[in-house]
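# requesting a structural model of the entry that follows:
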Amino acid sequence: MNLEENVKQWLSEEDFLREVKYDENADFHFIVEFPKENIMDVVKPKESDCIVVACATQVAPQHINLIKGSDDKTRKEFIMDLNFGLNQFLVDFELQVAQDILQQFVITDQIFEDGLTKNELIRTLKRIFKSKLHCIWLIDKKFGSIQVNVNTSNENDMFI
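Predicted structure coming up:
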């Protein structure tokens, strides 16, 4: 079996595979649901010897309003805490911040072909998800929690 077939089989065996997506910049691109109601992407970029696991999350408008209502010091401390916390997960991340207000975050990790096993793939999915949870819980801790409906039939697939 080749790399794409292996990854597809592993994701299917665990019932994580939701969609095979055409992507002109990738050898393969899978939309996965891990855990239930959380969408992630598993992508093998063209001319690369790794796969990338990614999860992008839009901050809910209700949370943005709570963040906006907080003072400058709290917002700055939150962004610093978020950076320090995510760094401990040993993942790559990008925070989209406007005026110290978190709008969106993208968490990624890569697995090089020589280290790609089913175990490493699943562990990476878990690490990415736990990193996302860290962000959500930190927002709730600093600014208060809200109920957000997550829709898995999302048009943008990378954005929840």
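# tell me where this protein has helices.
Applying DSSP state H to the chain gives helices spanning 3-13, 61-68, 72-88, 118-143.
# elements contacting the biggest strand by length in the chain?
Using DSSP state E to define each element, the chain has its longest strand at strand 101-112. If contacts are counted by 3 or more Cβ pairs under 8 Å, 6 or more residues apart in numbering; DSSP states H and E, strand 101-112 sits against strand 50-58, helix 61-68, helix 72-88, strand 92-98, helix 118-143. Any C-beta I mention is one placed from the backbone N, CA and C, and that applies to glycine too.
# can you say which of these is packed in most?
Mean neighbour count (mean count of other Cβ atoms under 10 Å) peaks for strand 50-58 among those, with a mean of 20.
# and that strand, how far out from the chain middle?
For strand 50-58, the distance from its own C-alpha centre to the chain's C-alpha centre is 5 Å (Cα atoms, centre = their mean, to the nearest Å).
# let me know the angle separating that strand from strand 92-98.
30 degrees (axes from the mean of the first three to the mean of the last three Cα atoms, to 10 degrees).
# what's in contact with strand 50-58?
When contacts are defined by Cβ atoms under 8 Å, 6 or more residues apart in numbering, strand 50-58 is touched by residues 3, 7, 38-45, 103-113, 116, 121, 124-125, 128-129, 131-132, 135-136, 158-160.
# follow-up on the earlier one: need the helices of the chain in TSV (columns: distance to Phe28 and mean pLDDT).
Listed next are these as TSV, based on distance: least, Cβ to Cβ, whole Å; pLDDT from 0 to 100:
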stretch	distance to Phe28	mean pLDDT
helix 3-13	4	96
helix 61-68	34	93
helix 72-88	27	95
helix 118-143	13	96
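# would CSV of these with distance to Cys50 be doable?
Formatted as CSV, these follow (distance: least, Cβ to Cβ, whole Å):
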stretch, distance to Cys50
helix 3-13, 10
helix 61-68, 33
helix 72-88, 20
helix 118-143, 11
